[in-house]
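Engineer: pasting the sequence and the predicted model now:
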Amino acid sequence: MAPEWDYQRRRDEGDFGDANFVTSKELRAGLAEILNRVAFGGEQIVVKRHGKPFVAIVATYDLQACQALEDHNDVQELERAEAAGELEDTVPWEEVRGKPGLGE
């Protein structure tokens, strides 16, 4: 059985798992080395600015995994909303696209 999705807990507790931390000053001084650690060593780096997490540097495959998970969750939410009859008043994207201020 898959573990329960714990995004809320991780966010609330500031839990970044086994990610390593660097300061923005350390990032500036060692950018090439840090990028190599991420790209070739599979590390996840959280950059802190003023002692607080600011941004994360992850390998492209980690980003793709996050995006795939987000897409999966979007599909599940859409299926749930359809089953609950919550989509009756929605407008298809094809009708919105191209209207000024509503889509490209």
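Structural biologist: Looks like it arrived, so ask away.
Engineer: which residues are in contact with the most centrally placed residue in the chain?
Structural biologist: The chain has Cys66 as the residue nearest its centroid, 5.4 Å off, counting by C-alpha atoms, centre = their mean. Contact analysis of Cys66 by C-beta atoms under 8 Å, 6 or more residues apart in numbering lists Val58. From N, CA and C alone the C-beta is placed, and that goes for glycine too.
Engineer: go on, Ala59?
Structural biologist: Counting by C-beta under 8 Å, 6+ apart, Ala59 has contacts Val38, Ala39, Gly42, Gln44.
Engineer: assign the closest residue to Leu87 other than its chain neighbours to helix, strand or coil.
Structural biologist: Excluding the flanking residues, the one nearest Leu87 by C-beta to C-beta, 6 or more residues apart in numbering is Ala81, at 5.3 Å. Classification of Ala81 by DSSP: H, G, I helix; E, B strand; the rest coil places it in helix.
Engineer: what about burial for the contacts of Ala59, which qualify?
Structural biologist: For the contacts of Ala59, a burial check counting by 16 or more other C-beta atoms under 10 Å picks out Val38, Gln44.
Engineer: for Met1, give me the pLDDT.
Structural biologist: Looking at Met1, its pLDDT is 43.
Engineer: how about the helices in this protein?
Structural biologist: Taking DSSP state H as the criterion, the chain carries its helices at 7-13, 24-29, 31-41, 60-83, 93-96.
Engineer: wait, Thr23 sits on Lys52?
Structural biologist: No. Counting by C-beta atoms under 8 Å, Lys52 is not a contact partner of Thr23; they are 10.7 Å apart.
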